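In: Dropping a prediction and its sequence here:
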Amino acid sequence: YREILPGLPYNLPPLEAKISLLFADIAKIVTALSDGVEQKGTKTISKWLLDSVMGISGNAAHEISHRAGIDGKKLVASLSIHEVQGIAKVLTDLAQHLRENRFEPGLYRGLKAHDVIDFWVFPMYSIKSPREIFATANDAINAYFERKNQAIALKAAVNGITKQLNKHLKKLRQNLFFTDQKLIKTAEMDKYKLWGEILSANLYRIEPGLDKVSLPNFYDGDKHILIPLKIKLSPSQNAQIYFKQYKKLQATELIVKKRRENHLMEVDYLENVLVSLENSETLEEVYEIRREVEAQGYIKTSNRRSSPVSKSEPLSFKSTDGFNIFVGKNNRQNDLLTLKRSKPEDIWVHTKNIPGSHVIIESQGATVSEKALQEACTLAAYFSKAQNSSNVPVDYTLIKHVKKPAGTKPGFVNYTHQKTMYVTPDKSILERLSL
């Protein structure tokens, strides 16, 4: 609104033709809305509020529509007189609160520590998430952006580790593909053994110089089987070649199966780590996971000196009927809960063949109720790779039946005597059972 040259006067930009709640009365608001109705446009109520009222955000526009009992997606052109008056009444009530400095600054947060949805100087009844009250609007705004920044830093840290672990997973899955191809080839070893045995038993019947021979298979009612031969080799030498191929494939099968088993264990471990990263709520938890995967050799150790970080604790819940339930959020916590803090008669819970957290029900010598079992299984399903699935199988057994084999990676255990319960993950259970 002025040329960027020294000495020229500065002219204020023209004010937007919007309604100011500080000065507008109900008649002015009704008139503005009625004009919108008469224009027969395609604006929704929420969009009209954004465009026509000063200081209104998208969520605030939705809240005003909610308070008026109208869907914010409804077209302004379709509003009745009664609905116009309802919206105007909500706006004038808010204006009155503004003029009288009757504020209730609040921050709406998600279930995770840094997960924030929105803030406003008034309650937002359209948002069902937990609300944190602040003394002043500045305090609410500062908290909102502080947590937003923490969430950004957390996401960046998680994404950095996730990217590197996914590279390892991709390589492991390629290796699994190649080992499976090798195993397919080893399936022919019994055929070579059979051919060698049949040739050895019929050496006297085979004429030299043949490229194939049909002989009775004494394992299959003497039905004839066609066996390829190398012309330049004797029948005995052909038999020995087939025995060598059999032994070679047999040795290959043992090696490949062991290699495949190791690959699958690595995939399972890395997928568990990825689930832990997804469930991390603080940078401290992410740093713990990073130190773990650095120790396992999946990520290069940082040369930068880091200040000591306090170790995070497992999540604590209480079942509806009073049993303490603990959830490990990374492999260190999983090992801590399962191997050190639990007692033999406590109950260990984990999703069946699905990466996820170790969950412990503290029995305190009592019989754990079916309700507590169901709630613990639901928590285990929620803190797993199957968080967004339904009818998730979850195993549970006594801690005394859970063992950690020597030399295995963090978080890995074997268990027996388990039973399985099928549950659907439920986010609301976190709020209901959280301590």
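Out: Thanks, I have it. Keep in mind that what you see is a predicted model, and the values were worked out from it rather than measured. Numbering: from 1, shown residues only.
In: the strands in the protein, which residues?
Out: All strands of the chain, identified by DSSP state E, fall at 106-109, 116-120, 131-133, 212-217, 223-228, 315-318, 324-327, 347-351, 359-362, 392-398, 402-403, 414-415, 419-423.
In: Mind checking those strands for the one nearest to Ser65?
Out: Counting by CB to CB, Ser65 lies closest to strand 116-120 out of those; the figure is 14.4 Å. For the C-beta atoms, the positions are set from N, CA and C on the backbone; glycine is no exception.
In: you'd agree Leu229 is up against Val213?
Out: Yes: in terms of CB atoms under 8 Å, Leu229 counts as a neighbour of Val213; the distance is 6.0 Å.
In: So which of the strands of the chain is nearest Met54?
Out: Comparing those by CB to CB, strand 116-120 comes nearest, at 14.9 Å.
In: quick one: contacts for Ile429?
Out: Ile429 sits next to 375, 378-379, 382 when contact means CB atoms under 8 Å, 6 or more residues apart in numbering.
In: could I get the strands of the chain as TSV with mean pLDDT, mean neighbour count and distance to Leu172?
Out: Compiled in TSV, the strands of the chain are given as follows (pLDDT from 0 to 100; neighbours: other CB atoms under 10 Å; distance: least, CB to CB, whole Å):
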stretch	mean pLDDT	mean neighbour count	distance to Leu172
strand 106-109	92	21	37
strand 116-120	91	20	37
strand 131-133	92	14	43
strand 212-217	95	14	41
strand 223-228	95	13	38
strand 315-318	96	18	29
strand 324-327	97	22	27
strand 347-351	98	25	21
strand 359-362	98	26	27
strand 392-398	98	20	24
strand 402-403	97	18	25
strand 414-415	96	13	21
strand 419-423	97	15	28
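In: now the ones you listed as TSV including distance to Leu264?
Out: Formatted as TSV, these follow (distance: least, CB to CB, whole Å):
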stretch	distance to Leu264
strand 106-109	39
strand 116-120	40
strand 131-133	45
strand 212-217	37
strand 223-228	36
strand 315-318	28
strand 324-327	25
strand 347-351	17
strand 359-362	23
strand 392-398	18
strand 402-403	19
strand 414-415	14
strand 419-423	21
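In: Ser34: which of the ones you listed is closest?
Out: strand 116-120 (27.1 Å).
In: now the longest helix along the chain and strand 116-120, what's the angle there?
Out: Longest helix in the chain by number of residues, with DSSP state H as the criterion: helix 137-186. Interaxial angle of helix 137-186 relative to strand 116-120 (axes from the mean of the first three to the mean of the last three CA atoms, to 10 degrees): 160 degrees.
In: Check which helices and strands helix 137-186 sits against.
Out: strand 106-109, strand 116-120, helix 235-279, helix 283-295 (3 or more CB pairs under 8 Å, 6 or more residues apart in numbering; DSSP states H and E).
In: ok so, going back, between the strands of the chain, which gets nearest to Tyr144?
Out: Using CB to CB, the nearest of the strands of the chain to Tyr144 is strand 116-120, at 4.6 Å.
In: Pretty sure Val53 sits against Ala17.
Out: No: using CB under 8 Å, Val53 is not in contact with Ala17; the gap is 11.3 Å.
In: Looking at these two, which has the bigger crowd around it?
Out: Val53 (21 against 8; other CB atoms under 10 Å).
In: how close does the more buried one sit to Ala27?
Out: 15 Å (CB to CB, to the nearest Å).
In: can you pull the contacts of the nearest residue to Asn353 once chain neighbours are set aside?
Out: Spatial nearest neighbour of Asn353, chain neighbours left out: Pro393 (7.6 Å); criterion: CB to CB, 6 or more residues apart in numbering. Pro393 makes contact with 351-354, 420-422, according to CB under 8 Å, 6+ apart.
In: try Arg99
Out: Here Arg99 is in contact with Leu22 (criterion: CB under 8 Å, 6+ apart).
In: ok, now Lys40?
Out: With CB under 8 Å, 6+ apart, Lys40 has these contacts: Ala77.
In: Going forward, the N-terminal residue is numbered 233.
Out: New numbering, starting at 233: the last item is Lys272.
In: Could you list the low-pLDDT ranges of the stretch 433-582 of the chain?
Out: 534-542 (pLDDT under 70).
In: returning to that earlier point: can you list residues touching both of Leu461 and Val445?
Out: Contacts common to Leu461 and Val445, judged by CB under 8 Å, 6+ apart, are 438, 467.
In: Backbone dihedrals for Asp658, both of them.
Out: Reported as degrees, to the nearest 10, the phi and psi values for Asp658 are phi -140, psi 110.
In: Next, count neighbours for the closest residue to it other than its chain neighbours.
Out: Spatial nearest neighbour of Asp658, excluding adjacent residues (CB to CB, 6+ apart): Thr610 at 5.5 Å. Thr610: 23 surrounding residues under other CB under 10 Å.
In: how close does Thr610 sit to Tyr519?
Out: From Thr610 over to Tyr519 the distance is 29 Å, taken as CB to CB.
In: Show me what the nearest residue to Lys584 once chain neighbours are set aside bridges to in the sheet.
Out: Spatial nearest neighbour of Lys584, chain neighbours left out: Pro625 (4.0 Å); criterion: CB to CB, 6+ apart. Going by DSSP bridges, Pro625 is paired in beta bridges with Tyr654.
In: All the helices of the stretch 533-667 of the chain, in order from the start?
Out: With DSSP state H, counting those that start in this stretch as the criterion, the stretch 533-667 of the chain has helices at 563-567, 602-614, 660-665.
In: contacting residues for Arg299?
Out: Residues in contact with Arg299 (CB under 8 Å, 6+ apart) are 322, 357-358.
In: Asn511 contacts Gln565, doesn't it?
Out: No: look at Asn511 against Gln565 with CB under 8 Å: they stay out of range, at 10.6 Å.
In: which one of those two has more residues nearby?
Out: The residue with more neighbours, out of Asn511 and Gln565, is Gln565; 25 against 21, by other CB under 10 Å.
In: And the more buried one, how far from Leu506?
Out: Gln565 is 16 Å from Leu506, by CB to CB.
In: Bridge partners for the residue nearest to Val581 when sequence neighbours are not counted, pull those for me.
Out: Counting by CB to CB, 6+ apart, Val581 lies nearest to Val591, which is 4.0 Å off, once chain neighbours are set aside. Under the criterion DSSP bridges, Val591 forms beta bridges with Val559, Val581.
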